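Student: Build me a model from this:
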Amino acid sequence: MARDPLQNLTEPMFYLLLSLTEERNGAEITEFISNLTNKRVEVGPGTLYALLGRFYDEEIIGVSKIDGRSKYYVLTDSGKKLLREEVNRINLLISDFNKVINTLKKGENND
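Tutor: Predicted coordinates for the structure are as follows:
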């Protein structure tokens with residue numbers, strides 16, 4: 001069975017969606033991501049506009065306005081749902097990690 005390509009988001013995908021919880025244009029998106037992650041995640045123009053196009057085609061984001069040459073984007077309801085699902089998935093990963101680490105710590109304390 002083929003896996004949905006949006007089942008697990010990459011970091012650039014995740015942060016792009018997170019940035020669009022408010023209306024932003026391309027330059028504002030890259031600045032938001034860079035600032036939020038202390039430049040750990042940098043999204044170049046090629047990646048940015050490829051993702052914007054893909055998310056737009058999938059109706060995950062929409063264009064809220066066009067001002068000259070700038071397009072402003074926002075999450076659609078589908079985009080908000082996808083972002084929440086990804087956060088839930090990440091939280092499950094963290095929960096599973098904590099279960100394993102706590103089990104290991106208990107084993108170390110019994111030695």
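
Student: For L75, which residues are in contact?
Tutor: The neighbourhood of L75, defined by C-beta atoms under 8 Å, 6 or more residues apart in numbering, consists of L17, L20, T21, I60, I61, G62, L83. All C-beta atoms are positioned from the backbone trio N, CA, C, and that covers glycine.

Student: so how far is stretch 87-101 off the chain centroid?
Tutor: Stretch 87-101 sits 17 Å away from the centroid of its parent chain (C-alpha atoms, centre = their mean, to the nearest Å).

Student: hmm, who's touching that stretch?
Tutor: N8.

Student: do stretch 24-31 as well
Tutor: For stretch 24-31, the external contacting residues (C-beta under 8 Å, 6+ apart) are 16, 19-20, 32, 42-43, 45, 48-49, 52, 67, 70-73.

Student: buried set for that stretch?
Tutor: R24, N25, G26, E28, I29, T30 (16 or more other C-beta atoms under 10 Å).

Student: Please, where are all the helices along this structure?
Tutor: Under the criterion DSSP state H, the chain contains helices at 11-19, 26-36, 45-57, 77-109.

Student: which residues does the residue nearest to the spatial centre of the chain contact?
Tutor: With distances taken as C-alpha atoms, centre = their mean, the chain has F14 as the residue nearest its mean C-alpha position (0.9 Å). In this structure, F14 makes contact with L83, E86, judged by C-beta under 8 Å, 6+ apart.
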